[in-house]
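Student: Turn this into a model:
(one chain, ligands or ions: 2)
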Amino acid sequence: MSRKILVLPGDGIGPEITAEAVRVLEALNKEGLNLEITTGLLGGCAVDATGEPYPAETRAKAEAADAVLLGAVGGPQWDTLPREQRPERGLLGIRKHLNLFANLRPAILYPELANASSLKPEVVSGLDILIVRELTGDIYFGQPRGVEERDTEWGRQKVGFNTMVYAESEIRRIAHVAFQAAQKRGKKLCSVDKMNVLECTQFWRDIFEEVAKDYPDVTLSHMLVDNAAMQLVRAPKQFDVMVTGNMFGDILSDEASMLTGSIGMLPSASLDENNKGLYEPSHGSAPDIAGKGIANPLATILSAAMLLRYTFGLEAEAVRIENAVRMVLAQGYRTADIYEEGTRKVGTREMGDAVLAAL
Ligand code: NAI
Ligand code: MG
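Tutor: Ligands and ions are numbered 1, 2, ... in the order given. Next up, the predicted model:
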């Protein structure tokens, strides 16, 4: 049975960085992984070709694929389009279409890049945490929402409101993803909530306690979100896997990613219930450096490693890619975004070559 991967290079630096990740996947494929790689259009390039950011042909390809590897979408040339035609709509469209409710974002500080972090080396060296963010529920989607005129204790006036909602099934499915991710790592899971104020998150905590019974090998702890924000900058290495709802996860995952200081190094995965997933670097399409051959392809290459791990269960192959990335950093290869004196500045293609050689 072949393993179907849809590659969506997207816009800006997208085609340059995904090309390197595809070369890595193809190199492993020579060893019999049976990967079947196709490509499609998403974002601004799709708008230019079809008038839509997530055209029907791409939808069909995404449905047929087991996993999607995405570069990035967007750029100034599409900023003036009406909202429905914007490249970002393509991204939201595919996430929703594939029901990708689990967003996984590792934050790893490679020892060679210790100076990139804004924190002291002793606080962050060796940092390796994974944030699991619920992506399709919470206050971002809850009803009712809006702005309307109401009677309040201060008189009749306009009121803005959103609703934090989580169904039991939504909490259970993200809990299973988080516990299983923790099983594959350090077996420590910290669930972040605000149960002292929000009933919805007390419910979240209760469900996590129940699901924990299925994973006796994982140690579950709980932390209030304000403390978690503080602990992430005070002593981030205390964490292994953190899991939280959509809004807290939005904020904490951005906070955690910056502990590593290097946007060009951060992969991500968004999974559905059957481990079908969309894998992409955390950064955008970097129009300022597009077409120059200098973008860092490592976040996308590391996203390909996540793809092998989470969609196909190819843990050994994923680790090989991650070790190859560590090796090229140790060898001193650096793209411009992570360059420091005394290291070896290379472009996108040369970085890909170095990773292939290390593999
Ligand atoms: P960005 O992440 O594209 O760029 C921010 C800065 O980081 C730029 O200076 C860029 O050159 C640099 N950078 C990003 N990735 C890099 C890499 N791999 N190697 C070296 N340097 C890198 O964010 P920005 O500038 O806010 O957005 C640019 C466009 O990307 C916008 O159209 C935005 O909507 C889109 N975007 C798309 C995302 C996606 O497809 N998931 C996510 C974020 C932004
Ligand atoms: Mg964010």
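Student: Tell me, how many residues neighbour Pro111?
Tutor: 12 (other C-beta atoms under 10 Å). The C-beta positions use only the backbone N, C-alpha and C, and glycine is treated the same way.
Student: Phi first, then psi, for the nearest residue to it once chain neighbours are set aside.
Tutor: Ranked by C-beta to C-beta, 6 or more residues apart in numbering and with sequence neighbours excluded, the top spatial neighbour of Pro111 is Ser125, at 6.2 Å. Main-chain torsions, Ser125, degrees, to the nearest 10: phi -60, psi 130.
Student: Could you check how far the spatially closest residue to Cys45 that is not a sequence neighbour is from ligand 1?
Tutor: Setting aside the residues directly before and after it, Cys45 is nearest to Asp11 in space (C-beta to C-beta, 6+ apart), at 5.7 Å. Asp11 sits 8 Å away from ligand 1, taking C-beta to the nearest ligand atom, to the nearest Å as the criterion.
Student: what residues does the stretch 101-250 of the chain put near ligand 2?
Tutor: Residues of the stretch 101-250 of the chain found near ligand 2 (C-beta under 5 Å from the ion) are Asp250.
Student: Measure how buried whichever residue of the stretch 101-250 of the chain sits closest to ligand 1 is and give me the count.
Tutor: When distances are taken as C-beta to the nearest ligand atom, the stretch 101-250 of the chain reaches nearest to ligand 1 at Asn103, 11.5 Å away. Residues contacting Asn103 under the criterion other C-beta under 10 Å number 24.
Student: thought it was touching Ala269?
Tutor: Yes: using C-beta atoms under 8 Å, Asn103 is in contact with Ala269, at 7.3 Å.
Student: Am I right that Val243 falls within a strand?
Tutor: Yes: counting by DSSP: H, G, I helix; E, B strand; the rest coil, Val243 falls inside a strand.
Student: list the contacts for it?
Tutor: Taking C-beta atoms under 8 Å, 6 or more residues apart in numbering, we find Val243 in contact with 131-134, 174-175, 178, 189-192, 208.
Student: Over to Leu104?
Tutor: 130-133, 177, 181, 268-271, 306, 310.
Student: hang on, the earlier thing: list the ones among the contacts of Val243 that fall in strands.
Tutor: 131-134, 189-192 (DSSP state E).
Student: closest to Ile301 among those residues?
Tutor: Closest to Ile301 out of the ones in strands among the contacts of Val243 is Ile131 (20.1 Å), distances taken as C-beta to C-beta.
Student: if you skip the residues just before and after it, what's nearest to the one residue in the stretch 51-200 of the chain that gets nearest to ligand 1?
Tutor: In the stretch 51-200 of the chain, no residue comes nearer to ligand 1 than Gly74, which is 2.7 Å away by C-beta to the nearest ligand atom. Using C-beta to C-beta, 6+ apart and skipping residues adjacent in sequence, the residue nearest Gly74 is Pro87, 4.4 Å away.
Student: number of nearby residues for that neighbour?
Tutor: Pro87: 27 neighbours (other C-beta under 10 Å).
Student: hang on, the earlier thing: select only the buried ones of the contacts of Val243 in PyMOL?
Tutor: Selection of the buried residues among the contacts of Val243 in PyMOL, burial being defined by 16 or more other C-beta atoms under 10 Å:
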select buried, resi 131+132+133+134+174+175+178+189+190+191+192+208
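Student: Is it possible to get the contacts of Val243 out as CSV so that each row also shows pLDDT?
Tutor: CSV is the format used below for these (pLDDT from 0 to 100):
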residue, pLDDT
Ile131, 96
Val132, 97
Arg133, 96
Glu134, 97
Ile174, 97
Ala175, 98
Ala178, 97
Leu189, 98
Cys190, 98
Ser191, 98
Val192, 98
Phe208, 98
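Student: Enumerate every residue touching the spatially most distant residue from the centre of the chain.
Tutor: The outermost residue of the chain, judged against the average C-alpha position, is Gly155 (44.6 Å), by C-alpha atoms, centre = their mean. Listed by C-beta under 8 Å, 6+ apart, the contact set of Gly155 is empty.
Student: Counting by contacts, list what the helix or strand harbouring Met223 packs against.
Tutor: Assessed by DSSP states H and E, Met223 sits inside strand 219-224. If you count contacts as 3 or more C-beta pairs under 8 Å, 6 or more residues apart in numbering; DSSP states H and E, strand 219-224 packs onto strand 188-193, helix 199-212.
Student: repeat that with 6 Å
Tutor: The contact analysis (3 or more C-beta pairs under 6 Å, 6 or more residues apart in numbering; DSSP states H and E) places strand 219-224 against strand 188-193.
Student: Tell me the spacing between Ala212 and Ala72.
Tutor: 36 Å (C-beta to C-beta, to the nearest Å).
Student: I meant Glu341, not that one.
Tutor: 29 Å.
Student: more neighbours, those two?
Tutor: Taking neighbours as other C-beta under 10 Å, Glu341 and Ala72 compare with Ala72 leading, 31 against 4.
Student: what helices or strands is the helix or strand where Ala19 lies leaning on?
Tutor: Assessed by DSSP H and E, Ala19 sits inside helix 14-29. Packed against helix 14-29 by the contact rule (3+ C-beta pairs under 6 Å, 6+ apart) you find strand 3-10, strand 67-72, helix 298-310, helix 348-358.
Student: If we use 8 Å, what do you get?
Tutor: So helix 14-29, by 3+ C-beta pairs under 8 Å, 6+ apart, packs with strand 3-10, strand 35-39, strand 67-72, helix 298-310, helix 315-330, helix 348-358.
Student: The residue nearest to Glu52 when sequence neighbours are not counted sits in which helix or strand?
Tutor: Spatial nearest neighbour of Glu52, chain neighbours left out: Ala46 (6.3 Å); criterion: C-beta to C-beta, 6+ apart. Element membership for Ala46 (DSSP H and E) is helix 44-50.
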